[in-house]
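> Build the 3D model from these lines:
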Amino acid sequence: MSGKGLELERLVAYLFKAKGYDVRHNVKMRGRSGVEHQIDVYAEYRASLHVSKVIVECKSYDKPIDKDVVMKLIHEVEDLGVDKGVLITTSYFTPDAISTAQGYNIELWDGVKLKELLGEVSIEEGKVLTDVYYVEPAISVDEAVKTVDSTLKGIFGRRGGIESSSLVFYPFYEMDVDARVQELKGLVKKKVEARVVRATVLVDAVTGTLCDHDPKTGVIGVASIPPLSDEEVRVFRAPLSGPLNADMLASLLSCSTAKARKVLQGLVAKGVARVISIRGH
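Residues are numbered from 1 along each chain as shown. Predicted structure coming up:
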């Protein structure tokens, strides 16, 4: 993206925020079709009876905007099920683009209108969330309330009803990484081979726990991520083909057996290694 394009997106995000909207910049949203859409600005306005959802497409162009860009925004509005789409440009729209937008929940803001709107508010530097994934819940709040109500009634035989309910989104980071894995080849002549694989890692943004996601069971914790010393990192990077004892580790790290034993004890204490068997003591 060009510097001008990013600057326009931020200006528009600040404009909606100044108008009272909850704003996220550079959002990835999955539609009803299963397709993921990259949205420049996503804005929500919370009224007493309804939450108005708006997606905004920004074009920092010198040339006019044609109908193809409008049609793309119409498709995104319908697929995401939002209330309105706004197409903003620093230039202007062709007659075909204007006629295409008619009859749909699409607003077209050309450079003149954008300048007028920016002049109406005092936009100050503020925090706007970026690179946000917005995923629609698999079930509605009403369905969740019914599930809780029937389950608790069956378990506790309680009286009364649920007073209130709300939808809360929990943050996770999803990262694509190139990881080096080691495999033991051969049954007789055992040989350790290393290769690089692409993996997707999900991390709990609050606890720092490695997680896994299953569409049926949701997100589950897999392992915490404790800080490791340089010696402990070297252990994991070593081409190991089986269990490791203090003598083997001392040779691997070129250190004393006593120090190697402390490294092993530290790995066990941090929960990233376990004792298989103890001999002699």
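> could you point out which element follows the lowest-mean-pLDDT helix or strand in the chain?
The helix or strand of the chain with the poorest confidence is strand 129-134; it has a mean of 53 (mean pLDDT, DSSP states H and E). Downstream of strand 129-134, the next assigned helix or strand under DSSP states H and E is helix 141-156.
> Tell me how many other residues crowd residue 32.
10 (other Cβ atoms under 10 Å). Every C-beta, even on glycine, is put in place using the N, C-alpha and C of the backbone.
> Compute the distance from the centre of stretch 96-111 to the centre of its chain.
Using Cα atoms, centre = their mean, to the nearest Å, the mean C-alpha position of stretch 96-111 is found 31 Å from that of the whole chain.
> and that stretch, which residues are buried?
97, 100-101, 106, 108-110 (16 or more other Cβ atoms under 10 Å).
> Let's see which of those end up in helices.
Among these, the ones falling in helices (DSSP state H) are 97, 100-101.
> need those residues in TSV with distance to residue 40 and pLDDT, can you?
Formatted as TSV, those follow (distance: Cβ to Cβ, whole Å; pLDDT from 0 to 100):
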residue	distance to residue 40	pLDDT
97	17	94
100	19	95
101	17	95
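> nearest to residue 224, of these?
residue 101 (50.8 Å; Cβ to Cβ).
> surely the closest one meets residue 69?
No. Applying Cβ atoms under 8 Å, one finds residue 101 not in contact with residue 69, separated by 10.1 Å.
> what is in contact with those two at once?
Taking Cβ atoms under 8 Å, 6 or more residues apart in numbering as the contact rule, residue 101 and residue 69 both touch residue 87.
> any low-confidence regions in the stretch 101-250 of the chain?
Along the stretch 101-250 of the chain, the parts satisfying pLDDT under 70 run over 120-137, 153-161, 166-169, 180-192, 194, 215, 225, 239-242.
> mind listing the helices in it by residue range?
111-120, 141-156, 230-237, 246-253 (DSSP state H, counting those that start in this stretch).
> Comparing those, which comes out most buried?
helix 246-253 (a mean of 16; mean count of other Cβ atoms under 10 Å).
> tell me the angle of the helix or strand following that one relative to helix 246-253?
On the C-terminal side of helix 246-253, the closest following helix or strand by DSSP H and E is helix 257-269. Counting by axes from the mean of the first three to the mean of the last three Cα atoms, to 10 degrees, helix 257-269 points 100 degrees away from the direction of helix 246-253.
> And helix 257-269, what's buried?
In helix 257-269, residues buried by neighbour count (16+ other Cβ under 10 Å) are 260, 263-264, 266-267.
> got it, and stretch 268-278?
Neighbour count says stretch 268-278 has 272-273 buried, by 16+ other Cβ under 10 Å.
> For it, which outside residues touch it?
Taking Cβ under 8 Å, 6+ apart as the rule, stretch 268-278 contacts 223-224, 226, 228, 232, 243, 264, 267.
> Can you add distance to residue 163 and give the residues you listed back as JSON lines?
Listed next are the contacts of stretch 268-278 as JSON lines, based on distance: Cβ to Cβ, whole Å:
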{"residue": "223", "distance to residue 163": "37"}
{"residue": "224", "distance to residue 163": "35"}
{"residue": "226", "distance to residue 163": "40"}
{"residue": "228", "distance to residue 163": "46"}
{"residue": "232", "distance to residue 163": "49"}
{"residue": "243", "distance to residue 163": "56"}
{"residue": "264", "distance to residue 163": "53"}
{"residue": "267", "distance to residue 163": "48"}
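> Kindly indicate which of those lies nearest residue 249.
residue 264 (6.2 Å).
> distance of that closest one from residue 243?
Residue 264 is 11 Å from residue 243, where distance means Cβ to Cβ, to the nearest Å.
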